[in-house]
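Q: Give me a 3D structure for the following:
(one chain, ligands or ions: 2)
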Amino acid sequence: MSSTEYDVVIIGAGPVGENVADRLVQGGLTAAIVERELVGGECSYWACMPTKALLRSTAALRAARQVPGAREAVTGTVDAAAVLARRDAFASHWKDDGQVSWLESAGIVLHRGQGRIVSTGAVEVTGDDGATTTLTARHAVVIATGSSALLPDIPGLLEASPWTSREAAAASTVPGRLAIIGGGVVGTEMATAFSALGSAVTVLARDGVLPRSEPFAGERVTESLRESGVSVRLGAEVASVKRDDAGTVHITLTDGDHVEADEILVAIGRTPNTRDIGLDRVGLKPGDWLKVDDTLRALDGDGVLAGEGRLYAAGDVNRRVLLTHQGKYQARAVGDVIVARAKGEKVEDGPWGRHVATADERAVPQVVFTDPEVASVGLTAAAAMAAGLRTRVVDYDLGGVAGSSLHAEGYKGHARMVVDEDRKVIVGFTLAGPDVAELIHAATIAVVGEVPLDRLWHAVPAFPTISEVWLRLLEAYGR
Ligand SMILES: Cc1cc2nc3c(=O)[nH]c(=O)nc-3n(C[C@H](O)[C@H](O)[C@H](O)COP(=O)(O)OP(=O)(O)OC[C@H]3O[C@@H](n4cnc5c(N)ncnc54)[C@H](O)[C@@H]3O)c2cc1C
Ligand SMILES: NC(=O)c1ccc[n+]([C@@H]2O[C@H](COP(=O)([O-])OP(=O)(O)OC[C@H]3O[C@@H](n4cnc5c(N)ncnc54)[C@H](O)[C@@H]3O)[C@@H](O)[C@H]2O)c1
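A: Ligands and ions are numbered 1, 2, ... in the order given. Purely as a prediction, here's the structure:
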């Protein structure tokens with residue numbers, strides 16, 4: 001056993017842990033990061049990057065097919081082997097050498113192994129060989145251990161060796177038949193990907209398709225999945241699962257119906273990686289999502305600072321927002337606030353201050369890379385109403401914009417703007433349509449900047465782009 005001292009110790013080298021460490025070192029502190037698997041975390045190897053690589057080739061093919069003149073040049077079908085090979089490259093072939101080199105160049109020390117808090121300011125690392133090292137943190141410990149796929153307690157499911165998002169993202173072959181439990185983001189993206197790659201896909205969407213988005217988004221994705229041959233079963237709940245000796249998975253639904261598949265993917269949400277990280281040593285409950293204050297310090301069940309106020313939790317593990325970009329945004333705030341506190345500098349913890357993640361509450365952007373894409377920021381109409389805002393909802397047919405009709409023949413899409421009538425600012429914006437992903441940042445700026453609608457009239461969209469929908473929405477709202 002050996003021991004080492006740093007200003008800050010971070011458990012988990014996913015996108016969030018890496019960014020915390022980077023800000024700390026840039027602020028003049030020393031940082032060690034503990035990782036038990038691959039430096040880069042879920043996002044790099046089993047989530048954002050590989051799944052988007054699985055989706056991109058078929059999206060490009062679809063786009064070409066929607067434009068006469070280009071359509072004629074598309075003579076073949078998608079090359080699944082080439083798609084999987086490109087995905088392998090985007091997952092860095094599940095090797096983290098590149099990210100380890102980056103850590104070294106940034107001056108961040110890597111300790112490989114399982115990290116566990118042993119007392120306030122002390123983290124024990126157990127390596128693969130069982131050797132332990134104790135790391136001492138002078139200023140703070142940051143938990144950035146992320147989340148894992150949640151598996152429901154369905155009879156026979158575990159014995160049937162289900163896929164989670166990891167197996168789907170890293171699949172080396174395309175199953176003939178794929179059943180998916182869950183109609184959320186993973187379920188719809190993987191249905192889109194595997195259907196295009198050649199699987200016969202069934203989505204068992206107990207709670208609907210993209211139920212947390214504006215209803216029109218889920219409806220359009222459902223319609224499009226069905227058009228491409230996916231069986232989308234709304235309200236379907238799984239009662240039991242059995243894989244037979246030949247490898248076929250038999251799924252029995254609560255209504256008595258049966259579905260057969262070669263693989264079954266479970267995509268019903270996430271569980272925090274907090275079971276075995278020593279939370280009990282600092283008065284917290286193993287297995288729980290971590291509650292945090294505005295500057296992302298961990299709180300116990302009574303709302304009291306845990307770990308003497310020197311324990312932080314950022315990224316998926318605090319459940320504020322389970323997205324890479326938002327976790328990295330938290331990471332910048334956490335890194336900077338630890339530096340500020342260590343140097344005795346002023347902490348800027350008011351709304352939109354440097355050391356808080358205010359956007360987490362009402363200004364989170366997300367793109368679901370289905371066909372059509374769903375891009376949103378802020379509150380849905382329903383969420384705004386539930387939050388007690390006096391709103392006006394403005395809708396526009398995205399296909400009616402000149403730029404859209406040029407972009408693709410028969411472009412179908414929809415845009416919605418949710419306006420806070422008391423402040424005359426946009427609090428929510430959703431687009432569902434082909435290639436809308438890159439449009440959402442304009443809306444994010446409008447929501448975060450709380451740009452008054454009167455001023456937005458002066459932000460003139462270029463003609464003929466799909467962004468002209470902004471003008472159409474303002475015209476529909478009225479001046
Ligand atoms: C299929 C899928 C697709 C996704 N696509 C997108 C997308 O397109 N865009 C987007 O923004 N988000 C996407 N997400 C969400 C995104 O992957 C997560 O929000 C993000 O990875 C969270 O980052 P993190 O650093 O908090 O955690 P993670 O990425 O989970 O990293 C945590 C790290 O901590 C390590 N660790 C855990 N416990 C310990 C321990 N005790 N000791 C040492 N190391 C430990 C883990 O090995 C891991 O490397 C997707 C998620 C899934 C499942
Ligand atoms: N493009 C992206 O930004 C992207 C892509 C993939 C994943 N992610 C992130 O990863 C996280 C996890 O994705 P996910 O799709 O697993 O979760 P999710 O929360 O998006 O969807 C899970 C779905 O499963 C349903 N469900 C829950 N329990 C169920 C059960 N027992 N049986 C049947 N259905 C059940 C839920 O109602 C929900 O619709 C998301 O929160 C998302 O933020 C993001």
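Q: which bits of the stretch 51-200 of the chain sit near ligand 1?
A: 51-52, 114-115, 144-147, 165, 169, 186 (C-beta under 6 Å from any ligand atom). C-betas here are computed from N, CA, C, even on glycine.
Q: Save the residues you listed as a markdown table, and put in distance to E37 too.
A: Output for those, formatted as a markdown table (distance: C-beta to C-beta, whole Å):
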| residue | distance to E37 |
| --- | --- |
| T51 | 18 |
| K52 | 20 |
| Q114 | 10 |
| G115 | 12 |
| A144 | 13 |
| T145 | 11 |
| G146 | 10 |
| S147 | 13 |
| S165 | 15 |
| A169 | 14 |
| V186 | 19 |
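Q: Take those and keep only those in strands.
A: Among these, DSSP state E puts 114-115, 147 in strands.
Q: Among those residues, which one lies nearest to ligand 2?
A: Each of these was checked against ligand 2 using C-beta to the nearest ligand atom; the closest is S147, at 7.7 Å.
Q: low-scoring pLDDT stretches of the stretch 301-450 of the chain, where are they?
A: Along the stretch 301-450 of the chain, the model assigns pLDDT under 70 to no residue.
Q: and whichever residue of it sits closest to ligand 1, what is it in contact with?
A: Residue of the stretch 301-450 of the chain nearest ligand 1, by C-beta to the nearest ligand atom: G315 (2.4 Å). Counting by C-beta atoms under 8 Å, 6 or more residues apart in numbering, G315 makes contact with 12, 14-17, 144, 146, 327, 330-331.
Q: thinking R320 is in contact with A359, fair?
A: No - counting by C-beta atoms under 8 Å, R320 sits too far from A359 to count as a contact (10.2 Å).
Q: Are there residues contacting both of the two? Which ones?
A: Joint contacts of R320 and A359 (C-beta under 8 Å, 6+ apart) are Q326.
Q: what's the nearest residue to the residue of the chain found nearest ligand 2 if we skip its chain neighbours?
A: Using C-beta to the nearest ligand atom, the single residue of the chain nearest to ligand 2 is G184, 1.8 Å away. Closest residue in space to G184, ignoring its immediate chain neighbours: A267 at 6.3 Å, by C-beta to C-beta, 6 or more residues apart in numbering.
Q: Now do stretch 92-110, average pLDDT.
A: Averaged across stretch 92-110, the pLDDT comes to 98.
Q: Using PDB, list the CA coordinates for it.
A: Presented in PDB, the C-alpha positions along stretch 92-110 are these (Å, rounded to 0.1, in the frame of the first residue of the first chain):
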ATOM      1  CA  SER A  92     -11.200   4.200 -30.600                       C
ATOM      2  CA  HIS A  93     -11.400   0.400 -30.800                       C
ATOM      3  CA  TRP A  94     -12.200   0.500 -27.100                       C
ATOM      4  CA  LYS A  95      -8.700   1.600 -26.200                       C
ATOM      5  CA  ASP A  96      -8.000   4.700 -24.200                       C
ATOM      6  CA  ASP A  97      -4.400   5.500 -25.200                       C
ATOM      7  CA  GLY A  98      -5.500   8.800 -26.900                       C
ATOM      8  CA  GLN A  99      -7.300  10.100 -23.800                       C
ATOM      9  CA  VAL A 100      -4.500   8.900 -21.500                       C
ATOM     10  CA  SER A 101      -2.000  10.900 -23.500                       C
ATOM     11  CA  TRP A 102      -4.300  13.900 -23.200                       C
ATOM     12  CA  LEU A 103      -4.400  13.500 -19.400                       C
ATOM     13  CA  GLU A 104      -0.600  13.400 -19.400                       C
ATOM     14  CA  SER A 105      -0.300  16.500 -21.600                       C
ATOM     15  CA  ALA A 106      -2.800  18.300 -19.400                       C
ATOM     16  CA  GLY A 107      -0.800  17.500 -16.200                       C
ATOM     17  CA  ILE A 108      -3.500  15.300 -14.700                       C
ATOM     18  CA  VAL A 109      -2.300  12.200 -12.800                       C
ATOM     19  CA  LEU A 110      -4.200   8.900 -13.600                       C
END
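Q: Mind splitting the chain into its structural domains?
A: Per the record, the chain has its domains at 2-45+91-148+271-359, 158-268, 372-477, by automatic domain parsing.
Q: Any residues of the stretch 251-400 of the chain in contact with ligand 1? List them.
A: 273, 277, 315-317, 322-325, 327.
Q: can you put the ones in strands among the residues of the stretch 51-200 of the chain next to ligand 1 in TSV and add pLDDT and neighbour count?
A: Below are these laid out as TSV (pLDDT from 0 to 100; neighbours: other C-beta atoms under 10 Å):
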residue	pLDDT	neighbour count
Q114	98	19
G115	98	29
S147	98	19
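Q: Which stretches in the stretch 51-200 of the chain count as strands?
A: 109-112, 114-119, 122-126, 132-143, 147-149, 177-181, 200-205 (DSSP state E, counting those that start in this stretch).
Q: Pull the contacting residues for the residue of the chain closest to ligand 2.
A: 210-212, 267-269.
Q: Helices - which of the residues you listed land there?
A: Using DSSP state H, no member of those falls in helices.
Q: Now stretch 81-95: buried residues?
A: 83-84, 86-87, 90-92 (16 or more other C-beta atoms under 10 Å).
Q: ok, residues contacting it?
A: 38, 40, 44-46, 49-50, 52-54, 56-58, 98-99, 169-172, 174, 197.
Q: Show me just the buried residues among those residues.
A: 38, 40, 44-46, 49-50, 52-54, 56-58, 99, 169-171, 174, 197.
Q: I'd like the average pLDDT over stretch 166-186.
A: According to the model, stretch 166-186 has a mean pLDDT of 98.
Q: elements contacting the one helix or strand I445 maps to?
A: Per DSSP states H and E, I445 falls inside helix 440-448. Under the contact definition 3 or more C-beta pairs under 8 Å, 6 or more residues apart in numbering; DSSP states H and E, helix 440-448 sits against strand 365-368, strand 373-378, strand 425-433.
Q: Distance from the next helix or strand after that helix to the middle of the chain?
A: Counting by DSSP H and E, the next helix or strand C-terminal to helix 440-448 is helix 453-456. Computed by C-alpha atoms, centre = their mean, to the nearest Å, the separation of helix 453-456 from the middle of its chain amounts to 31 Å.
Q: Show residues contacting helix 453-456.
A: 419, 424-426, 446, 470, 474, 477.
Q: C-alpha coordinates for that helix, PDB please?
A: Only the C-alpha atoms of helix 453-456 are listed here, as PDB (Å, rounded to 0.1, in the frame of the first residue of the first chain):
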ATOM      1  CA  LEU A 453     -39.300  38.800 -28.400                       C
ATOM      2  CA  ASP A 454     -39.200  42.400 -29.500                       C
ATOM      3  CA  ARG A 455     -35.500  42.100 -30.000                       C
ATOM      4  CA  LEU A 456     -35.700  38.700 -31.700                       C
END
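Q: ranges for the helices of the stretch 51-200 of the chain?
A: 80-90, 97-106, 165-169, 185-197 (DSSP state H, counting those that start in this stretch).
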